[in-house]
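Trainee: Show me the folded form of this:
(one chain, ligands or ions: 1)
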Amino acid sequence: MVRATCGPSHQDGKMLVVRRHDSQKYSTVFSQETGFFARIEDQGTPEPSWSANGPELLDVSLTSWCDQGCSFCYRKSTTDGVHMTRDDIDWLLSEASSAGVHQIAFGGGNPNQHPDFPEIIRETRRSFNIVPSYTTNGRGLSKSVLKATAEHCGGVAVSAYPPYDQTERAIERLTDHGVQTNVHQVFAKQTIPQILDWLRDPPSWLIKSNALILLNYKPVPWDKSGFEVAAKDPRWREVIRLATAERYPFRVGFDNCCITGLLQEANAHPASIEPCDAARFSMFVSEHLEAHPCSFMAELRQGAQLKPHGLLHVWQTDPMFRQFRGHLQPSECGRQSSSPDCLGGCHLFPEINFCQCGQQKRSVLDSESDLVPLSISATQRYS
Ligand code: SF4
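Mentor: Have a look, this model is predicted:
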């Protein structure tokens, strides 16, 4: 059972949350103020491979509405998109709170263009004691959105799109309101020159941000952008080396999907490198309350309906989640004996892995499974 064992140092409603997970013999510490999070296993006990008590983080699509029109959008978001209803949002927040969720990362679509967005993030923080954050394309940052963001959010990520004027304006507005703002940049073969330029000579708007986060590009079947995976360009090594060797006026981070590259090239403390946490510590929930281990599965396979059984029931018993966890096993190549285990890297898109053994895996989507294809067109690449 999850149990909050202390909650000292309230500062503007922000506190240190310590939870004990007796059945799996570990504890978690989460600072609502700084975002610091640690899992501490009992002495002599192995690291937990998943959180049996419920996800620590929810990745929630508030809406599939977006007017940015990116061809590589993994959710196929357009202006025909739909918003999650208020009833569903209230139900989900209550379920998340009962399951001990610490943080919700709202996404979409462009989540801050949900008509009730300021009230939703206020409710998440104030009524359910969950720290919200969100990713925005930079549009729709109205005064009320900015005010609510500054009051209730742990941080915001702005997706970077060339020519970066929209990115720059969004960072300006958010940081002017005192919001911790990260920049999300796709890490693809085609974006490597841009990333190297930024690392060597960062533009002023990047310096103003808290962190540059590089997201390993995932080749969703419908993408017409012409992007290719970063692993196809040997300069991926230079990106990781440079990003982790130098000190910058901003932080540089990578998503967990880069683990197989980080373990080879990063100059970073092993404790700061984490493998994929889909279905282990995080869950994706769509605007229709459909759950998947990873958001990139949402348009490829049918999800698990959270209603009526509830979030915890799905997390603990749904075959898709159990099967996904089964794939994330310790790697067989054994080359990283003193490093954290990569758990085989990404099991959805093996081609994004930066090592041969990772690339040679079969996708979870290809394997004999209980995963139900969504449609022929979405899955033809994997059939
Ligand atoms: S399944 Fe793959 S794409 Fe999804 S979070 Fe894990 S590593 Fe990233």
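Trainee: contacts and neighbour counts: CA atoms only from here.
Mentor: Fine.
Trainee: ok, Thr244 touching Asn267?
Mentor: Yes. Because the distance of 5.2 Å satisfies CA atoms under 8 Å, Thr244 is recorded as touching Asn267.
Trainee: Compare the two (neighbour count), which wins?
Mentor: For Thr244 versus Asn267, neighbours defined as other CA atoms under 10 Å are more numerous around Thr244 (18 against 15).
Trainee: Could you measure from that one over to the ligand?
Mentor: Between Thr244 and the ligand the distance, using CA to the nearest ligand atom, to the nearest Å, works out to 20 Å.
Trainee: Helix or strand: which one has that residue?
Mentor: Taking DSSP states H and E as the criterion, the element that holds Thr244 is helix 236-245.
Trainee: Phe284 too?
Mentor: Using DSSP H and E, Phe284 sits in strand 282-285.
Trainee: just how off-centre is that strand within its chain?
Mentor: On the basis of CA atoms, centre = their mean, to the nearest Å, strand 282-285 is displaced by 9 Å from the centre of the chain it belongs to.
Trainee: and it, what does it pack onto?
Mentor: In terms of contacts (3 or more CA pairs under 8 Å, 6 or more residues apart in numbering; DSSP states H and E), strand 282-285 is packed against strand 57-61, strand 290-292.
Trainee: Could you list every helix and strand in contact with the very next helix or strand once past the first one?
Mentor: To tie it back to what came earlier, the one meant is strand 57-61. Per DSSP H and E, strand 57-61 leads on to helix 86-98 as the next helix or strand towards the C-terminus. For helix 86-98, the elements it packs on are helix 311-317, judged by 3+ CA pairs under 8 Å, 6+ apart.
Trainee: quick one: contacts of the helix it packs on?
Mentor: The contact list for helix 311-317, computed with CA atoms under 8 Å, 6 or more residues apart in numbering, reads 52-55, 92, 95-96, 99, 279, 283, 304, 306, 321-322.
Trainee: Mark which of those are buried, thanks.
Mentor: Among the contacts of helix 311-317, those that count as buried by neighbour count (16 or more other CA atoms under 10 Å) are 52-55, 92, 95-96, 99, 279, 283, 304, 306, 321-322.
Trainee: Distance of the most centrally placed residue in the chain relative to Pro308?
Mentor: Nearest to the centroid of the C-alpha atoms of the chain, with distances taken as CA atoms, centre = their mean, sits Asp59, at 6.5 Å. From Asp59 across to Pro308, the span is 20 Å (CA to CA, to the nearest Å).
Trainee: Determine the number of other residues adjacent to the residue of the stretch 101-250 of the chain found nearest the ligand.
Mentor: Closest approach between the stretch 101-250 of the chain and the ligand, counting by CA to the nearest ligand atom: Lys218, at 6.6 Å. Neighbourhood size, Lys218 [other CA under 10 Å]: 24.
Trainee: One more: the one 4 residues further on?
Mentor: Using other CA under 10 Å, Trp222 has 15 other residues around it.
Trainee: go on, Val229?
Mentor: Here the count is done by other CA under 10 Å, and Val229 has 22 residues near it.
Trainee: got it, and Gln43?
Mentor: Going by other CA under 10 Å, the residues that sit close to Gln43 add up to 8.
Trainee: Am I right that it is in a helix?
Mentor: No. Going by DSSP: H, G, I helix; E, B strand; the rest coil, the assignment for Gln43 is coil, not a helix.
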